[in-house]
Every structure is written in structure tokens, then in C-alpha cells.
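In: What follows is a predicted protein model with its sequence.
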Amino acid sequence: MSDFLNEAREYAKKVGQRNLKLAKENGIKFYLGRVIISDGIQRLGYSNNSANLEECLSRYKNGDYGKQPKEDVEINERSIVFGYGDVMGEYEVDGHRIWIKTDLNENITTTIFLPEEW
């Protein structure tokens, strides 16, 4: 079992280093990768170009995670330092709670979605 854990740690470290390099090359706190919005967000009438979502995304990528508790902010910051893990934010847009989540893994993706879509 320890060989498996060591391999998993090495893999996470390698992916994390690549993600940190992408962030540094782009001059940002962390790399968002591909940004997608969920069906629920689209049903509310928002698109990738919606000003309200852009504002939330701007706050998010600059380290303002909205209504996240201190413990979750610490987890976010730890994931960013290592370049591997999940980063999550919670915001309110026009009376709707929305979540933004970035999977810092080998296929970096940021998803904007409703909590009930979790």
C-alpha cells in the first residue's frame, strides 16, 4: 500500500508543479483552465459572457471566495500553494446562490454551478 501512496503523492506533486507553472506564466494566483457553466446556471439566463458571472469569477480568481468559511478558505489556499486539489467559492447573484469550483488536477476545469447541482 505504501508504494501506491508514494506514487499518488509523486503524481500529485508533478501535476501541481505543472499547474503552478501555468499560473506563473499567466501572472495569476491560480490557473482556471477551461471555464464552463452548468445547465442550471444557463436556465437562469446566464452565459459565459454574463457581467454578473464575470464579476464573481474575477473575485474568485483573485482570492475572494465569497461566503466561504475560514476553514474552506484555508483549504483553497493550501490547494493553490501545492497546485493540486480543489478551490471553491460561493456567491450570490440576483438572489441565487452560485458556486464556483476549480479542479486543480491534470485537466484543470472551473465550473460555475448551483449548489443543488452538486
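Out: That came in fine, so what should we check first?
In: Check which helices and strands the longest helix seen in the chain sits against.
Out: For the chain, the longest helix by residue count, based on DSSP state H, is helix 2-25. Helix 2-25 makes packing contacts with helix 70-82, strand 96-104 when contacts are defined by 3 or more C-beta pairs under 8 Å, 6 or more residues apart in numbering; DSSP states H and E. All C-beta spots, glycine's among them, are computed from the backbone N, C-alpha and C.
In: what's around F30, how many residues?
Out: By the criterion of other C-beta atoms under 10 Å, F30 has 24 neighbours.
In: Which residue, other than its chain neighbours, is closest to it?
Out: Spatial nearest neighbour of F30, chain neighbours left out: I80 (4.7 Å); criterion: C-beta to C-beta, 6 or more residues apart in numbering.
In: What residues does the one you found make contact with?
Out: For I80, the contacting residues are K29, F30, V87, L104, by C-beta atoms under 8 Å, 6 or more residues apart in numbering.
In: What's the PyMOL line that selects buried ones from those?
Out: To isolate the buried members of those in PyMOL, using 16 or more other C-beta atoms under 10 Å:
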select buried, resi 30+87+104
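In: Return the subset of the contacts of I80 lying in helices.
Out: Nothing among those maps onto helices, per DSSP H.
In: between the contacts of I80, which is closest to K67?
Out: V87 (14.6 Å; C-beta to C-beta).
In: So the closest one sits against L32, correct?
Out: No. Between V87 and L32 there is no contact under C-beta atoms under 8 Å: 9.1 Å.
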